[in-house]
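>>> my questions concern the predicted model and sequence given below.
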Amino acid sequence: MTVSSQNASALAPVFVRLKLSLIKNGLRQSGGRQAAYITSAVLALLFAALQLLGLIALRGSEHAGTVTLLLVALMALGWTVMPLFFPSGDETLDPTRLVMLPLRPQPLVGALLAASLVGIGPLFTLCLILGSAIAVAHGAGAVVVAVLAVPLALLVCIALSRAVAAANTRLLTSRKGRDLAVLSGLVIAVGFQFVNFGAQRLGESGGLSALDPVADVVRWLPPASAIGAVGSAGEGSYGQAVLQLLISAVTLGLLLYAWQRSLVKLMTTPDGSTLAASEASRKESGGKGLTSLLPEGRTGTVMLRTLRYAWRDPKTKAAWITSLAIGLIVPALNALQGHGSVYFACFATGMLGMQMYNQFGQDTSAFWMVLLSISSTRDAYLELRARAFALLLVTLPYTLLVTAVTAGMLGDWTKLPEVIGLALALLGAMLATGSVASATLAYSIPQDSRKNVAPGQGGIAFLSILGGMVVSAILCAPMIALAIWLHVSGNHGSLWLLLPLGAAYGALIAWAGLKVAAPRTANRLPEILTAVSTG
């Protein structure tokens with residue numbers, strides 16, 4: 001009997017054993033990986049157990065239904081986006097590995113679904129769904145519905161994750177997929193900001209009762225509708241419970257069908273991504289569009305290279321997008337909460353100003369090409385100045401935007417000129433210290449891992465960033481002292497002078513920093529190449 005004639009029940013044990021073998025062999029690679037896996041497993045299981053006990057303790061509470069429905073919905077959302085940000089977390093997420101095997105789509109889907117139930121994530125999800133069902137199950141009818149609802153909700157979560165992964169396999173195995181993986185930290189950081197803001201707003205609006213209208217909608221969305229069916233059965237609404245179970249069951253069927261269609265397409269369609277990439281490269285090589293506005297000579301070339309790093313390199317792109325997002329979120333959320341200040345806009349300038357640090361680290365071993373183009377202090381000065389200009393192309397308008405948005409949200413337009421002046425002075429100081437730090441404290445940024453610093457260079461990175469920020473604050477002290485004196489002395493009509501003075505002071509400090517960093521760079525080219533090529 002060939003493999004293709006076997007059904008899903010025969011293939012499922014094989015794929016489960018394969019999944020277990022992949023986990024076991026992966027842990028054998030190093031002791032550090034074993035320790036990390038065991039630690040994460042223990043912490044996840046401990047949290048799952050506490051979560052299960054907490055949900056059981058919620059039984060009988062007035063808002064038990066609201067909490068459980070929203071928790072299951074959030075869990076389903078996590079399963080949906082997880083493959084996009086962690087494509088390498090499971091070897092079986094890439095079904096193209098099975099292309100050469102004579103497997104039929106329907107048995108393959110069933111076997112992969114069974115293998116997907118093995119792992120810490122499914123066990124954690126099961127604990128949450130089981131605890132949610134126990135929290136809202138009242139009566140024998142609700143218990144019977146819960147017996148069907150718990151595995152149904154778990155299968156919907158797994159199938160949802162697999163369907164998304166299969167539909168985006170080409171993306172996840174490309175450079176854009178690696179970009180998404182690197183940006184996962186940004187999504188988590190931004191998500192925590194919004195969760196914090198939502199929790200504060202929830203406390204101000206009367207507690208969990210404010211979420212009841214949302215829960216009324218979520219109870220009809222799969223897989224939360226399965227848990228909603230348990231609650232409906234406990235209230236005696238058996239017709240509604242059957243309908244909610246049916247919604248989750250139909251959704252599971254549709255997800256499995258979409259998953260199967262994606263598998264068939266992946267296994268029968270050639271990958272044309274390289275052709276599309278080469279075509280896009282040919283179109284981009286024309287040098288038209290906004291790139292034609294850059295200055296001629298070395299300055300324009302270096303600026304274009306720096307901007308392309310920010311757009312193409314996953315690590316550099318992640319750093320830029322994180323700075324842009326957090327730089328706006330922090331002042332905006334503080335303004336929304338009513339206790340912000342226009343001066344918080346300087347936080348955005350500081351976040352982007354840090355991109356000037358370790359400028360040569362993003363080049364990695366390719367820095368040797370930059371090294372060959374620098375033969376004098378003048379060349380080093382032009383190289384650093386062009387990189388600073390590229391940073392200014394984004395930072396200057398962004399600083400103005402964040403400052404204006406913050407002032408508008410607070411209705412405090414009178415402070416706009418002085419805040420912009422202070423922000424420009426801070427930007428100039430960070431460009432200066434960043435130039436010196438790039439020449440003196442360069443370090444490598446590994447491209448094949450999630451770490452942003454090569455092993456053994458963590459102290460250099462810490463000293464570069466922290467020391468640069470402290471020195472930047474000291475360099476801005478004259479402008480800060482002037483702003484304080486104008487406020488204390490009551491000369492509020494003269495505060496607008498901080499705008500031109502801050503711009504001129506920032507430009508002067510940046511120029512001085514570049515002049516100091518240029519000879520250091522020219523004299524330390526071999527040392528910089530060694531530092532950025534480590535790891």
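Cool, the structure landed.

>>> spell out which residues make up each domain of the chain.
The chain breaks down into these domains under automatic domain parsing: 3-268, 294-532.

>>> which stretches of the stretch 301-450 of the chain form helices?
Assigned by DSSP state H, counting those that start in this stretch, the stretch 301-450 of the chain shows helices spanning 314-336, 346-353, 367-373, 377-410, 416-440.

>>> of all those, which one is nearest Thr80?
helix 314-336 (20.9 Å; CB to CB). Where you see a C-beta, it was placed from the backbone N, CA and C, and this is true even at glycine.

>>> just want the angle from that closest one to helix 377-410.
30 degrees (axes from the mean of the first three to the mean of the last three CA atoms, to 10 degrees).

>>> helix 314-336 vs helix 346-353, what angle?
Using the same axes, to 10 degrees: helix 314-336 against helix 346-353 is 180 degrees.

>>> buried residues in helix 314-336?
In terms of neighbour count (16 or more other CB atoms under 10 Å), helix 314-336 has its buried residues at 314-335.

>>> same question, stretch 305-312
Arg305, Thr306, Leu307, Tyr309, Ala310.

>>> tell me which residues in stretch 70-80 are buried?
Neighbour-count burial for stretch 70-80 flags Leu70, Leu71, Val72, Ala73, Met75, Ala76, Trp79 (criterion: 16+ other CB under 10 Å).

>>> can I get those in TSV with secondary structure, pLDDT and distance to Leu501?
Shown next, in TSV, are the buried residues of stretch 70-80 (DSSP: H, G, I helix; E, B strand; the rest coil; pLDDT from 0 to 100; distance: CB to CB, whole Å):
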residue	secondary structure	pLDDT	distance to Leu501
Leu70	helix	89	52
Leu71	helix	90	54
Val72	helix	92	57
Ala73	helix	90	53
Met75	helix	90	54
Ala76	helix	90	54
Trp79	helix	88	54
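
>>> as a markdown table, those with distance to Pro417 would be great.
Formatted as a markdown table, the buried residues of stretch 70-80 follow (distance: CB to CB, whole Å):
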| residue | distance to Pro417 |
| --- | --- |
| Leu70 | 45 |
| Leu71 | 48 |
| Val72 | 51 |
| Ala73 | 46 |
| Met75 | 48 |
| Ala76 | 49 |
| Trp79 | 49 |
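
>>> which of these lies closest to Arg104?
Looking across the buried residues of stretch 70-80 and measuring by CB to CB, the closest to Arg104 is Trp79, at 25.9 Å.

>>> pretty sure the closest one is touching Ser161, no?
Yes - using CB atoms under 8 Å, Trp79 is in contact with Ser161, at 4.3 Å.

>>> got a markdown table for the helices of the stretch 301-450 of the chain, with mean pLDDT too?
Formatted as a markdown table, the helices of the stretch 301-450 of the chain follow (pLDDT from 0 to 100):
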| stretch | mean pLDDT |
| --- | --- |
| helix 314-336 | 81 |
| helix 346-353 | 88 |
| helix 367-373 | 88 |
| helix 377-410 | 91 |
| helix 416-440 | 93 |
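
>>> let's have those helices in TSV, adding distance to Leu113.
Listed next are the helices of the stretch 301-450 of the chain as TSV, based on distance: least, CB to CB, whole Å:
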stretch	distance to Leu113
helix 314-336	31
helix 346-353	43
helix 367-373	48
helix 377-410	45
helix 416-440	51
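
>>> between those helices, which gets nearest to Cys157?
Nearest to Cys157, of the helices of the stretch 301-450 of the chain and by CB to CB, is helix 314-336 at 27.6 Å.

>>> show me what that closest one packs onto, helices and strands only.
helix 175-182, helix 184-204, helix 297-312, helix 346-353, helix 377-410 (3 or more CB pairs under 8 Å, 6 or more residues apart in numbering; DSSP states H and E).

>>> buried stuff in stretch 399-409?
Thr399, Val402, Thr403, Ala404, Val405, Thr406, Ala407, Met409.

>>> whoops, I mixed them up, stretch 126-141
Buried positions in stretch 126-141, judged by neighbour count with 16+ other CB under 10 Å: 126-138, 141.

>>> likewise for stretch 345-358?
Buried residues in stretch 345-358, counted by 16+ other CB under 10 Å: 345-358.

>>> where does pLDDT dip in the stretch 101-250 of the chain?
Where the stretch 101-250 of the chain drops to pLDDT under 70, the residues are 169-208, 210.

>>> quick one: end-to-end length of stretch 407-415, please.
End-to-end span of stretch 407-415 (CA to CA, to the nearest Å): 8 Å.

>>> list the buried ones in the helix or strand encompassing Leu252?
Per DSSP states H and E, Leu252 falls inside helix 238-268. Neighbour counts over helix 238-268 (16+ other CB under 10 Å) mark 240-241, 244-245, 247-249, 251-252, 255-256, 258-260, 262-263, 266-267 as buried.

>>> run the chain-centre distance for it.
Remark: helix 238-268 is offset 29 Å from the chain centroid, using CA atoms, centre = their mean, to the nearest Å.

>>> and if you look at stretch 434-450?
21 Å.

>>> flag every buried residue along it.
So stretch 434-450, judged by 16+ other CB under 10 Å, has buried residues 434-446.

>>> if anything else comes up later, I'll come back, but that's it for now.
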